[in-house]
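Chemist: This is the structure alone, sequence omitted:
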């Protein structure tokens, strides 16, 4: 019997104790045992510049290798100015290049956006989804995950304190597990 599906978790906020990172950690904790989730850090990736492809930076190589071996990617993002944070956009650019060698191609994906505001990072969620369409990342459509008013949902240790939120995250991760298994079977 095969082992758990491997999931890379990309966190768009670079702050160590960001709300987005706290929600991502909770999602990993609440994931079904059929998923093995690992955070792949993006903060040290040099900005993408095609001129550097002749001798790619070691951080690019390590990032691409980390994503090459996974079945799916969970994108957890805050919203900056109604769009994707620069660090996450850079990670998407680094992973999608060089042209024709994208580490994202055909892998299952899911997006969760997090915001202290009421609309839950809708702009960032949609912006990530737009990029994933181009990158051929079959993305979980339902349930959608826009986590608004996040500061009211977590306790001082970063744990989800609202039972309805915990139940939603469990449901989301179960749906993502099913989606990842379906996409992996199609690709096999």
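Modeler: Now that the structure is in, tell me what you want to look at. Source: prediction; values computed, not measured.

Chemist: Okay, now stretch 114-122: how far is its last residue from its first?
Modeler: The first and final residues of stretch 114-122 sit 9 Å from each other (C-alpha to C-alpha, to the nearest Å).

Chemist: buried set for it?
Modeler: For stretch 114-122, the neighbour count (16 or more other C-beta atoms under 10 Å) marks 114, 115, 120, 121, 122 as buried. For glycine as for every other residue, the C-beta is placed from the backbone atoms N, C-alpha and C.

Chemist: Take those residues and keep only those in helices.
Modeler: The helices, defined by DSSP state H, take in residue 122 from the buried residues of stretch 114-122.

Chemist: In the buried residues of stretch 114-122, which has the lowest confidence score?
Modeler: Within the set of these, pLDDT is lowest for residue 120 (87).

Chemist: so which strand or helix has residue 180?
Modeler: Secondary structure from DSSP states H and E places residue 180 in helix 163-187.

Chemist: Could you check that helix and say which residues are buried?
Modeler: 165-166, 168-170, 172-177, 179-181, 183-184.

Chemist: Identify, from those, the entry nearest to residue 74.
Modeler: For those, the closest approach to residue 74 (C-beta to C-beta) belongs to residue 176, at 6.8 Å.

Chemist: Skipping its backbone neighbours, what lies nearest the closest one in space?
Modeler: The shortest distance from residue 176 to any non-neighbouring residue, by C-beta to C-beta, 6 or more residues apart in numbering, is to residue 110 (4.7 Å).
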